[in-house]
Structures are given as C-alpha cells and as structure tokens.
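> give the three-dimensional model of this entry:
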Amino acid sequence: MAQGSVQVTHTSTSRWRRRTGEYASLAAALEAAGDGDVLTVAPGTYRENLVVRRAVTVRGPEGSPGSVRIAPSDGVAVTVRASATVRDLHVEGQDAASPALLVEEGAPEIVGVRVVTRSAAGVEVRGGARPTVRRCTVDNPGGVGIAVLDGGGGVFEECEVVAAGQAGVAVRGGAHPRLERCRVHHTSGAGLSATGEHSGLEAVGCEVYEVKGSGVQITGRAAAHLTDCDVHRTTGDGVTLDTDAVLTLADCRVHDVPENAIDLRSRSVLTLTRSTVRQFGRNGLSVWDPGTRVDANQCEIHDSTGDYPAVWVSDGATAVLESCRVHDVPDALFVLDRGSRVDVVDSDLSQVRNTAVSVSDGATAQLDDCRIREAATGAWFRDHGSGGTLAGCAVDDTQTGVIVTKGADPTIERCTVSSPAEAGFYVSAGGRGSFHGCRVTGSGGFGFHVIDGCRTSLKKCRTERCSRGGYEFAEDGPLIEDCTSDESGGVRPGATAAAQPAVQTATQTAGLLSAVPDQRPSAAPQEAAQPSRTSKHVLGELDALVGLESVKREVRALTDMIEVGRRRQEAGLKAASVRRHLVFTGSPGTGKTTVARLYGEILAALGVLGQGHLVEVSRVDLVGEHIGSTAIRTQEAFQRAHGGVLFIDEAYALSPEDSGRDFGREAIDTLVKLMEDHRDEVVVIVAGYTAEMERFLSTNPGVASRFSRTITFSDYVPDELLRIVEQQADEHEYRLADGTPEALLKYFTALPKGPAFGNGRTARQTFESMVERHAGRVAQLDALDTDALTLLYAEDLPELP
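Numbers count the residues shown, from 1 in each chain. Alright, predicted model coming up:
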C-alpha cells in the first residue's frame, strides 16, 4: 500500500462491493466505504478533516502506532458521527476554537489514539454520543483534556491526559461519563471537573496528580462517585465541592495537598468511606455553610503539614464521623458557629499537638464511645451556646482532659480521663456543664478543678490518685451529688463546694530550699499585685540586683523623666510626653522578667499605673488555632494586664521568618491597636534575644514606633555569677567555706557559654546542685554541728557539663 493512500476492505453482502480498493484521500475512501468496511490508512501525514459518518473501522497499519498523522490546518481534526471504530491514529489539532477529536453521535470505539494539540479540547463528546475510549492519550496544553458535554456519556478505559491548559476532564450540561483506570496529570485547571444540574462523573481506579488547582471539582448540583482513586500533588484543594454538589469517595486516597484536602460548602454533600486523607497543608476536611454535610465512615485523616485543624466545621454545617481515626495533627476537630454540628462515634483522635475537639460560637458536638489520647487538651467547650455531649469516651495522656469556659454548657457522661498532667476536668470563666458518672485517675494536678464560682453539676463522679487533690472548687461552686474520691475526706453528697471543707487535696512536698509549697492552682490567672512600696524602696531593690548596671541607669533615667513630668503637671506646667513601653533584649536568665516586675511597681508607686502587676505571656498565649481567635486571646491578655505591665517573652516568635499564613501577624496588629487605644492604662514590654528582636522590630515598623527605648541585658561575668551564689547562700542560711569562692570563679570561667547557658539561672542552679550534694555528704554523719549543716565546700560543686 503506497504511503499516503487509504485501503478500503469492503465487507458488504452486496456482491459488487466485495473487494478491496485504494484511495488517494481519506475523504474519497470514506465516501466509498459502507457500514462494516475497514479503512486501513497508510503511514503519513494527512491534512484533511476526517469525518466518519458510517459504522466503519478506520485504523493505522498493524505494528506502526503513531505513523498515521491526521493534522488539518484548522477545524476539527477527526469527527465521529456513527458507531464506528477508530484506532491507532495520531491526531493533531490546530484550531483553538475547536476540539481535536469530536464524537457527536453513536457508540463508537476509539482505541490507541494519541491526541497532541493546542485546541479548545483534546477529545470532546457531546449530545447522545456514548463512545468507548480505550488506551488513548491526550496532550493539550491549550485547553481541556477531555470534555463531555450536553448529555454525552461513554466509558474511558486506561486513558491518560498528560497535559491540559484547563481542566483535565470536564463534564457539564447533563453529561455523565465513566472513567476506569485513567491517569490525569499536569493540568492547569481542575484534574476532574463536573458542573451543572444532572451532570455526573464516575471514576474507578484513577489517579489525579500534578494539578495547578483542585484535583477534583464538583459544583452547581453536579454529582460524582470515585472509587479506589488517588488525588495528590495539587496546588489548590485536593477535592472541592460547591453549590449543592454531591460526591461519594470510596476507598480513595487524598494526599500531598498544600491547601485543604477536601473542601465543601453551599449545601454540598460528601460521603466518605474507607478513605485516607493525609499530608495536607490546611484542613483535611473543611465543611462550611448550612445544609453542607459530610458522612465519613472507616476513614483515616493524619499527618498534617500545616497548623490548621484536621476537621473544620463552621457556618451551620454538619459532619458525622464513624469508626474513623484522626492522628498526628495540630488540632483534630474544630466545630464553630451556631447551627454547626459534629457527631463522632467509635473513633480515635490521637497524637494531637493542641486540642482534639474544640467547640465554640454556639456549635454542638456529640461524641459517643470515642478515644482521645496524646493531646494537649482532650475537648474544649469554649463559650456561650456551645455544648453537646461526650458519652462513654476515654481521654488519656493529655495536659487537660476537658475544659469548659465562658458559658459553654456540655453534658459529659460516663467519661474517663486518665493521667492528665494538669487536670481531668477544668471549668472556669462562667463555664457550666453537667458531669455524670465521670472518672479521673492519675492526674498530675486536680481531678475536677472548678473556679470562678462556675455553676457546674457533678453526679456520681470519682477521682483516684490525683496529685493535688480529687476536687478543687471555689466558693459558690458546683452542685455535687454522690461523688467519691480515694482520699479520706471524699465529697459529701448534695452540697456545694463552699459547704465542703472535707474535700481533701494533696499538698506538695517541700524541697530543700522551699519553706512552703505553692498551693495556687496552676491554671488560675495571676492576681494583680497592689502597690505597697514607694518608688524609692523599689528602686533600692533594683539597685540590689547583681550586675545590670546599664539596665539600672536606663530604668532610673526613665523613672526620673516620669517623676519630673508628674511634678511639672502638679505645678501647672507642660510635661514632656514619655512613652513607657520598652524593649528588653538579651539572653535568658539576665533578669528581664525581674526588672519588668520592678518597673511595674515603680510606675504604680508614681501613680502612672493603677496596680503595677505583671502579666507574662508568650506566643502560645496570644496566637489562636483559627481565624479570629488570635485577636480574642490577645485582647484577653491585654485586659488581664489592665493597670499593669504586659510582658511578652520571645516576642519575635509572633513574626517568624517563614511566617506564611501564620496567625502571629494578627496578634501584632491587635497589639498595636490596643497599645494606641489604651496607652495610659497598660505598659507593654517585649523581650527576647538581641538579634531576633532587632529583626522583629525592623520587619514590623508599626510595632517599633510604639516603644520609647531598647534596654540591653548583658550576660553575667564570672564575678557576678559568684555574687548571685553568695546571695542565694545568705538567703537560705548557707555559707561558702574557705576556697569555695575561688573554686566557683574558676568553675564559672570554665563553664561553656553556649545557647544552653542560663546566666543568673545557671548560678541559681549551681547553688541548688551544691545544696543537694552537701545534703548527700552530711546525711551520712552522726554528729552534725552548725558548720557541718551550713558550710558549702568546693567538693560540692557539680561537674562541668
């Protein structure tokens, strides 16, 4: 067969057409062919627009795939309008307004065709066409890979879209194709897209990856069903549903996604079965708006790469998780806003860096027979209107098992909290809640800790082996019925906490240097200290601190300016405006917090501040877990410092160098506004390492302009460290024996001054180690005089690290 010719094998029953003929063009061959005939196209390039109107077979030669190029200069390269067979052709389109391969009618078979084009679509199926497309490849960086439109359908088997300038596969206008074992990748739009009422898409065993956009996008009342599919390496969300979309994912895997793994909103519905979501940058499941719903069964969500909750449900949406696992994430489940609801049944939430379950802004959470472990907080019902039920749940190895605050009112039934570091159940700030049949074992703090007079109800609860006590209540506290403890006093039924002095709390064991242990609850806010000393007395304490000569000069100069300004005002004169906010820079252990406390007392004594108390915070106290919560936390910290000093340690952490979408920026903006609005009510001190603070201030000029001066705290030299040890010894009634000061100087000189060096803290730790070694030495002696009990020798020094 000559190159560039078309051989037609006639198979008609008509006697005169039982023959084979050769034709010089595709058009002539197609005109001569009838239904059932086979057109074998010789290798070559054909600049014709191929239109197949009969049920014929058009094919390239055996064993030479890609040798037949259909490449017209414009228009549709190949159009199929019959139940024909087209195979082993290389199709090239040049028309940006037309598809390269168009199937308009019938149920044709298209096999082994490669489409390389820059057309509106590589392959387009429309109308009543129902093709079967097997082992075909589409490379179309100029448009859609495969488009199925206007009621079209068909089956695509083992096909591959290797590049698309828009969506890889686009379905709209009521079309409904099925994809089996297909691969779609390197697209500049969604990998799979279905939109419009009655439009649908089925995909089985498919892979979607390297997508600039969403991997799967279902919108506008369309529906889709994906089984055993992989969606990964997208630049947008892995899966997006919007506006009444319906999607079922069964045995699928969504992973390596920088944004939300699955995002749905506007009354969309997702059914997720036996599927895995992992390595996502924002939310694993992001569910928004009334009527939007997720039903997940036997699914796993894990290994977040960002700082966002794994499951986010808000704005009235609903999520149901049954027999699911969520683990290795910053937060497991956040539900917020009135009307939002989550139901979690027989599921595991574990290895959660912050909060496993957070309920806020009037939302509801129902957890039945769930297991929460290795989280900072098991469940937190945050504010008024937020509630729900925890029933039959086990919470293990957390900082705090369940927190209830600010008017939240959940019901907690038959739940067990084991080995919390701080408290089993903690209720504060007007929180309520009903606890029935709950149990706390092995708490590092209290079992039930209820403060601020919260009207909580406890019935048939029990605590065991709680270090600080089973129950700790404030006056006018909770209502208690039939609660017990392994402590001797127990809890008397039917009485409030105020009427129960018999509740036993464990006391801390005093250490060698401690006269009385600190009995204040660790979670309670620090009380404001009322100034009781004059500025002269406080400055005297400042002067008594070891070293810090330049710091003392700076503070005295600032104090003198404030004092003179006050006296000028009393005399009816104008006083220079003095900005009292400060920046403290220097290494840890150089006395920054101590000086901040004294500075607050000085300002209170001068009448500049109402109380002068110190509220110390860091990034973790200011930056929240979701949008809006950071401003609330920052405002609350600022309010606690009202009339005193807000001391922000390691302030540079609010603006990390690789901040990206970090919420620290929100804390900074809120702080700057509050400093301006309340400039006479709160003094703010930001502190941290010198280099990091310089970067922080240079990259946040709005912050830098609010501070009057920077005070640098130098590292302590060996002589000053020795003086700190001498002060500690005098304070605790010890003495340094002859030769010990010299040994200490030698020790501090040789001590490595790397990042772990703690300055004054190191001196105090050295003294504590000497006391401990002294105790081990003299405890073996029978006769102990005063010298033996008080003298510290060089041999009591610890080993150099």
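
> buried ones in the helix or strand harbouring residue 31?
Under the criterion of DSSP states H and E, residue 31 resides in helix 26-32. For helix 26-32, burial by neighbour count (16 or more other Cβ atoms under 10 Å) applies to 26, 28, 29, 30. C-beta here means a position set from N, CA and C on the backbone, and glycine is covered the same way.

> show me what it packs onto, helices and strands only.
strand 6-9, strand 20-23, strand 38-41, strand 50-52 (3 or more Cβ pairs under 8 Å, 6 or more residues apart in numbering; DSSP states H and E).

> got a markdown table for the ones you listed, with distance to residue 363 too?
Formatted as a markdown table, the helices and strands packed on helix 26-32 follow (distance: least, Cβ to Cβ, whole Å):
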| stretch | distance to residue 363 |
| --- | --- |
| strand 6-9 | 69 |
| strand 20-23 | 72 |
| strand 38-41 | 65 |
| strand 50-52 | 59 |
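
> could I get these as a markdown table with mean pLDDT and mean neighbour count?
Compiled in a markdown table, the helices and strands packed on helix 26-32 are given as follows (pLDDT from 0 to 100; neighbours: other Cβ atoms under 10 Å):
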| stretch | mean pLDDT | mean neighbour count |
| --- | --- | --- |
| strand 6-9 | 75 | 21 |
| strand 20-23 | 84 | 14 |
| strand 38-41 | 92 | 21 |
| strand 50-52 | 96 | 21 |
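
> nearest to residue 729, out of the ones you listed?
Evaluated over the helices and strands packed on helix 26-32, closeness to residue 729 peaks at strand 50-52, with 99.2 Å, by Cβ to Cβ.

> right, and the helix or strand after the lowest-mean-pLDDT helix or strand in the chain?
Least confident element among the helices and strands of the chain, by mean pLDDT, DSSP states H and E: helix 701-704 (a mean of 72). Using DSSP H and E, the helix or strand that directly follows helix 701-704 along the chain is strand 709-713.

> tell me what that next one is packed against?
Using 3+ Cβ pairs under 8 Å, 6+ apart, strand 709-713 sits against helix 549-570, strand 582-586, helix 592-605.

> out of these, which is closest to residue 656?
When the helices and strands packed on strand 709-713 are ranked by proximity to residue 656 (Cβ to Cβ), strand 582-586 comes first, at 17.7 Å.

> beta-bridge partners for residue 710, please?
residue 583 (DSSP bridges).

> could I get the contacting residues of it?
582, 583, 584, 585, 693 (Cβ atoms under 8 Å, 6 or more residues apart in numbering).

> can I get these in TSV with distance to residue 312 and pLDDT?
Output for the contacts of residue 710, formatted as TSV (distance: Cβ to Cβ, whole Å; pLDDT from 0 to 100):
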residue	distance to residue 312	pLDDT
582	39	87
583	37	89
584	38	89
585	38	88
693	34	85
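
> re earlier: and the helix holding residue 31, what's its mean pLDDT?
Averaged over helix 26-32, pLDDT sits at 91.

> leaving out sequence neighbours, find the closest residue to the most centrally placed residue in the chain.
For the chain, the residue nearest the mean C-alpha position is residue 308 (1.8 Å; Cα atoms, centre = their mean). Nearest in space to residue 308, with sequence neighbours left out and distances taken as Cβ to Cβ, 6 or more residues apart in numbering, is residue 282 at 4.7 Å.

> who does the strand or helix carrying residue 240 pair up with?
Applying DSSP H and E as the criterion places residue 240 in strand 239-242. Strand pairing for strand 239-242, determined by DSSP bridges: strand 216-219 (parallel), strand 262-265 (parallel).

> I'd like the next helix or strand past that strand.
Trace forward from strand 239-242 with DSSP H and E and the next one is strand 246-250.

> what residues does that following strand touch?
Contact with strand 246-250 is made by 216, 218, 222-229, 239, 241, 264, 268-275, as judged by Cβ under 8 Å, 6+ apart.

> which of these count as buried?
If we count by 16+ other Cβ under 10 Å, the contacts of strand 246-250 have these buried: 216, 218, 222-229, 239, 241, 264, 268-272, 274-275.

> so for stretch 309-316, mean pLDDT?
For stretch 309-316, mean pLDDT rounds to 95.

> er, stretch 458-474 I mean
For stretch 458-474, the mean confidence score works out to 91.

> can you give me how far it is from the chain middle?
Centroid separation for stretch 458-474 versus its chain: 33 Å, with Cα atoms, centre = their mean, to the nearest Å.

> same question, stretch 632-644
25 Å.

> okay, buried residues for that stretch please.
Across stretch 632-644, burial judged by 16+ other Cβ under 10 Å covers 633, 634, 637, 638, 640, 641, 642, 643, 644.

> TSV for the buried residues of helix 26-32, including distance to residue 720?
Output for the buried residues of helix 26-32, formatted as TSV (distance: Cβ to Cβ, whole Å):
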residue	distance to residue 720
26	95
28	103
29	100
30	99
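
> please identify which of those residues is nearest to residue 200.
Distances from residue 200 to the buried residues of helix 26-32, taken by Cβ to Cβ, are shortest for residue 30, at 33.9 Å.

> can I assume the closest one is in contact with residue 51?
Yes - using Cβ atoms under 8 Å, residue 30 is in contact with residue 51, at 7.1 Å.

> how about the helices in the protein?
Ranges of helices within the chain are 26-32, 535-544, 549-570, 592-605, 619-622, 629-640, 664-677, 690-699, 701-704, 718-731, 740-750, 760-778, 786-790, based on DSSP state H.

> which residues outside the third one are in contact with it?
Residues from elsewhere that reach helix 549-570, judged by Cβ under 8 Å, 6+ apart: 535, 539, 542-543, 545, 574-576, 578, 580, 582, 591, 595, 598-599, 602-603, 606-608, 708-709, 711-714.

> go with 7 Å
The contact list for helix 549-570 (Cβ atoms under 7 Å, 6 or more residues apart in numbering) reads 535, 539, 542-543, 574-576, 578, 595, 599, 602, 606-608, 709, 711-713.

> mean confidence for it?
Mean per-residue pLDDT for helix 549-570: 81.

> quick one: it to chain centroid distance?
Per Cα atoms, centre = their mean, the centroid offset for helix 549-570 relative to its chain is 45 Å.

> and it, what's buried?
Residues of helix 549-570 classed as buried by neighbour count (16+ other Cβ under 10 Å): 551, 552, 554, 555, 558, 559, 562, 563, 565.

> now those in a markdown table, with distance to residue 115?
Below are the buried residues of helix 549-570 laid out as a markdown table (distance: Cβ to Cβ, whole Å):
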| residue | distance to residue 115 |
| --- | --- |
| 551 | 75 |
| 552 | 80 |
| 554 | 75 |
| 555 | 77 |
| 558 | 76 |
| 559 | 81 |
| 562 | 79 |
| 563 | 84 |
| 565 | 81 |
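
> where in the stretch 601-750 of the chain is pLDDT low?
Scanning the stretch 601-750 of the chain for pLDDT under 70 picks out 625-629, 657-662, 701-702.

> so who does residue 602 touch?
Counting by Cβ under 7 Å, 6+ apart, residue 602 touches 535, 538, 539, 559.

> my guess is residue 784 contacts residue 774, does it?
No - using Cβ atoms under 7 Å as the test, residue 784 is too far from residue 774 to be in contact (11.5 Å).

> the two: who's more crowded?
residue 774 (20 against 10; other Cβ atoms under 10 Å).

> quick one: contacts for the nearest residue to the more buried one once chain neighbours are set aside?
Nearest residue to residue 774 in three dimensions, chain neighbours excluded: residue 796, at 4.9 Å (Cβ to Cβ, 6+ apart). Contacts for residue 796 were tallied using Cβ under 7 Å, 6+ apart; they are 770, 773, 774.
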